[in-house]
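Trainee: sequence-free structure coming up:
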């Protein structure tokens, strides 16, 4: 095994950026109110803008499409805050319909983005409103961040067979397992100090890791299909918001599903 610095050229960048993301996000959710609203609004706008950029052959950066996407997500979050998440699903569905195209494939691309990104933003707000909401937000962020760091470190350290080279040529099985290990350890610590039992905390953390890794693969598949390297260059050296939050989007949706089914 090669443990030299050139084996991990941007490890500390990844670690520091993950710590900064977790600290900033938890700090803003701790402040609550208009801070959370502004944070989610900026995040939703940025991700939809990038998604439209990736789909340049379909949407051609139409300001109308972008406006429909952003407004749909914002209204859905407002409705979820006042009336609950069930009503917000209707809003997201209406937004998807408003993006209708005669070409059904194009419409599915656009409507899928509205439902996926807007659904995740709405789900995160609902999670925050629930019992132990701030802890749940922290839980998701920490597990996703550690899954990414563990995957990067183990993948670079051990190498080995590729996970899915046709979609993401750099990801290895070693990296995938490394992400599981670090996320499992995070679940253990969160179970010791958090409101859930250790077994439940570890189990949910591992499920979130699988969701985050699947979300990462999904975005890699989309970028390869659309022949795009990065969603944008908003974050120097790291691409765009979607490139950094692809796993978080999926993890939030899965955590919301677990919470809705087992904690309702």
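Mentor: In hand now; what should we look at? Note that the coordinates shown come from a computational prediction; the quantities given were computed from them, not determined experimentally.
Trainee: give me every residue that touches residue 141.
Mentor: In this structure, residue 141 makes contact with 21-22, 25-26, 248, judged by CB atoms under 8 Å, 6 or more residues apart in numbering. Every residue, glycine included, has its C-beta placed from N, CA and C.
Trainee: tell me the mean pLDDT for the strand or helix carrying it?
Mentor: Assigned by DSSP states H and E, residue 141 belongs to helix 133-158. Averaged over helix 133-158, pLDDT sits at 89.
Trainee: Ok, stretch 193-211 next?
Mentor: Stretch 193-211 comes out with an average pLDDT of 93.
Trainee: And for it, what's in contact with it?
Mentor: Stretch 193-211 has contacts (CB under 8 Å, 6+ apart) with 132, 135, 139-140, 143-144, 147, 179-180, 183-184, 186-188, 190-192, 247, 250-251, 253-255, 258.
Trainee: how far does it sit from the chain's center?
Mentor: How far stretch 193-211 lies from its chain's middle: 17 Å, per CA atoms, centre = their mean, to the nearest Å.
Trainee: Could you give me the buried positions within it?
Mentor: Neighbour-count burial for stretch 193-211 flags 194, 196, 201-211 (criterion: 16 or more other CB atoms under 10 Å).
Trainee: following the longest helix along the chain, which helix or strand comes up?
Mentor: Determined from DSSP state H, the single longest helix within the chain is helix 198-225. Next along the chain after helix 198-225, taking DSSP H and E as the criterion, comes helix 241-262.
Trainee: Can you give me the buried ones in that following helix?
Mentor: For helix 241-262, the neighbour count (16+ other CB under 10 Å) marks 241-256, 258-259 as buried.
Trainee: before we move on, what about stretch 166-177?
Mentor: Neighbour-count burial for stretch 166-177, counted by 16+ other CB under 10 Å, picks out 167-168, 171-177.
Trainee: Considering those residues, which is situated nearest to residue 46?
Mentor: Within these, proximity to residue 46 (CB to CB) peaks at residue 168, which comes in at 22.7 Å.
Trainee: quick one on the thing from earlier: could you tell me the angle between the direction of the longest helix of the chain and that of helix 133-158?
Mentor: 60 degrees (axes from the mean of the first three to the mean of the last three CA atoms, to 10 degrees).
Trainee: For the helix holding residue 141, buried residues please.
Mentor: Buried residues in helix 133-158, counting neighbours by 16+ other CB under 10 Å, are found at 133, 136-157.
Trainee: My guess is residue 143 contacts residue 188. True?
Mentor: No. Counting by CB atoms under 8 Å, residue 143 stays clear of residue 188, with 11.4 Å between them.
Trainee: Pull the number of nearby residues for the residue lying closest to residue 245 once chain neighbours are set aside.
Mentor: Distances taken as CB to CB, 6 or more residues apart in numbering place residue 47 nearest to residue 245, at 6.9 Å, with adjacent residues excluded. Residue 47 sits with 27 neighbouring residues when counted by other CB atoms under 10 Å.
Trainee: Could you confirm residue 47 falls within a helix?
Mentor: Yes. Under DSSP: H, G, I helix; E, B strand; the rest coil, residue 47 falls within a helix.
Trainee: My read is that it contacts residue 118, right?
Mentor: No. At 9.4 Å, residue 47 does not count as touching residue 118 under the criterion of CB under 8 Å.
Trainee: ranges for the strands of the stretch 51-200 of the chain?
Mentor: Applying DSSP state E, counting those that start in this stretch to the stretch 51-200 of the chain gives strands spanning 162-164, 168-172.
Trainee: Out of the ones you listed, which gets nearest to residue 101?
Mentor: Among the strands of the stretch 51-200 of the chain, the nearest to residue 101 by CB to CB is strand 168-172 (29.0 Å).
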